[in-house]
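A.B. asks: Quick one: sequence plus predicted model below, questions after.
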Amino acid sequence: TFWAWEGVARLRGSASFRRACMSRCAAARSFVLVSRSLGEEASSALSLDYERWRWALGAVQTRQNSLGGALALVPLWDMCNH
């Protein structure tokens, strides 16, 4: 989700390439869905653009934890290894 397409291209031939491409496509699909749902005016008011969407999506995806079979964000949990 975070990597530019140039970085993803470097994975070509590896097992991670397909997963990285699928992640980027899923991010694009979810951005379109959310921005259409919000409408142009709300998207503009929130300064919602694809780069910010990718950053936010990546931040959530890298901080989600499985707790009792459900995914959750746990404040400060990711700071425990510092």
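C.D. replies: Right, received. Where do you want to start?

A.B. asks: can you give me the end-to-end distance of stretch 43-63?
C.D. replies: This stretch, stretch 43-63, spans 25 Å end to end (Cα to Cα, to the nearest Å).

A.B. asks: now stretch 61-74
C.D. replies: 12 Å.

A.B. asks: Name the residues of it that come out as buried.
C.D. replies: By neighbour count with 16 or more other Cβ atoms under 10 Å, stretch 61-74 contains no buried residues. For the C-beta atoms, the positions are set from N, CA and C on the backbone; glycine is no exception.

A.B. asks: quick one: average pLDDT of that stretch?
C.D. replies: Stretch 61-74 shows a mean pLDDT of 83.

A.B. asks: Show me the shaky parts of the chain.
C.D. replies: For the chain, the stretches with pLDDT under 70 are 1-2, 78, 81-82.

A.B. asks: Show me the strands in it, by range?
C.D. replies: All strands of the chain, identified by DSSP state E, fall at 64-67, 70-73.

A.B. asks: will you turn the ones you listed into CSV that also has distance to residue 80?
C.D. replies: As requested, these are exported to CSV (distance: least, Cβ to Cβ, whole Å):
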stretch, distance to residue 80
strand 64-67, 11
strand 70-73, 14
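
A.B. asks: Just give me the residue right at the centre of the protein.
C.D. replies: residue 57 (2.8 Å; Cα atoms, centre = their mean).

A.B. asks: Could you say which one of the strands of the chain comes nearest to residue 43?
C.D. replies: In this view, the strands of the chain are compared for proximity to residue 43 by Cβ to Cβ, and strand 70-73 is the closest at 23.4 Å.

A.B. asks: Tell me which strands the closest one pairs with, and in which orientation.
C.D. replies: strand 64-67 (antiparallel) (DSSP bridges).

A.B. asks: Run the chain-centre distance for the partner strand.
C.D. replies: 16 Å (Cα atoms, centre = their mean, to the nearest Å).

A.B. asks: ok, residues contacting it?
C.D. replies: Identification of contacts with strand 64-67 by Cβ atoms under 8 Å, 6 or more residues apart in numbering yields 71-74, 77.
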